[in-house]
Every structure is written in C-alpha cells, then in structure tokens.
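Asker: okay, structure incoming, though there's no sequence with it:
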C-alpha cells in the first residue's frame, strides 16, 4: 500500500465528507430544519466522523490513530441511528433514508478496514508531514 501523506487522500475521509454534506442537505429544510435538537445532533455526529479521521491521522501514534478511528466509526453508528428517527418522523423520504444509510454504512466499513490495516501494520509511527507545504493566507506572516 502506498504511503498516504494527507488525510484528504483517505477514501474513508472523502466518504465521510460526502455523508456530512448529505446530512446537511437533508436537514436544511422543512420540519427537519425546525427540529433543532435532532438536526444539530445529526450534523455534529456527521462532522465528528470526518474530524476524528483527520485528527487521528495527524496524531502522534498508531494507537491514538486507531482510537480516533474508533470514535469516527461510532459516530457513523450515531448518524445511522438518527437517520431512522428522521425517516420515522417523516422528515426524509424512504429513498433518501436508504441512500444515506448506505453511505453511512460504507463509510463505517471503510473506517473498519483502515483500523484493521493499522492493527495489522508493522508501522511504528504515522509520520505524515515529510513533504507537505501548507498554503498561507496572503496577509498573514508565517
């Protein structure tokens, strides 16, 4: 497996990003948008998936990385559970539910595969910034 040097290159993170955008899209109108509690919790859970993948990738050790991935996978479960509430309350259609549920399940499977890879990996340290250049905001000095 080639070395991945940025979390943005991870398929699990990309899929989590798609899921997060889908959750925002689903929850931005109608009765769903007015159910502030469910809407906000579901959005936080979706954002948590991609954030924990990124935070784990940038962490100091494989053990921490795996821990963050476990949190991301748990947040996938949370989103899936909240999708059931949304469809039960008729905030989303059955079709949107099925599509979003598949997206959440596949994201969880990708995270699980990444965890399994890391557990079985002989890597000692997740060094990720060998050759990364960060763009800076023009008016801000380094």
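Answerer: Perfect, thanks for sending it. Note that this is a predicted model, so its numbers are computed, not measured. Numbering: from 1, shown residues only.

Asker: OK, contacts around the nearest residue to residue 90 once chain neighbours are set aside?
Answerer: Nearest non-adjacent residue to residue 90, counting by Cβ to Cβ, 6 or more residues apart in numbering: residue 31, 7.6 Å away. Where C-beta positions appear, they are placed from N, C-alpha and C, glycine not excepted. Residues in contact with residue 31 (Cβ atoms under 8 Å, 6 or more residues apart in numbering) are 89-91.

Asker: repeat that with 10 Å
Answerer: 38-39, 86, 89-92 (Cβ atoms under 10 Å, 6 or more residues apart in numbering).

Asker: and residue 103, by the same measure?
Answerer: 15-16, 18-20, 22-23, 76, 79-80, 83.

Asker: among these, which ones are buried?
Answerer: 15-16, 19-20, 22-23, 76, 79-80, 83 (16 or more other Cβ atoms under 10 Å).

Asker: quick check: of those residues, which lies closest to residue 54?
Answerer: Using Cβ to Cβ, the shortest approach to residue 54 within the buried ones among the contacts of residue 103 belongs to residue 16, at 9.1 Å.

Asker: separation between the closest one and residue 10?
Answerer: 9 Å (Cβ to Cβ, to the nearest Å).
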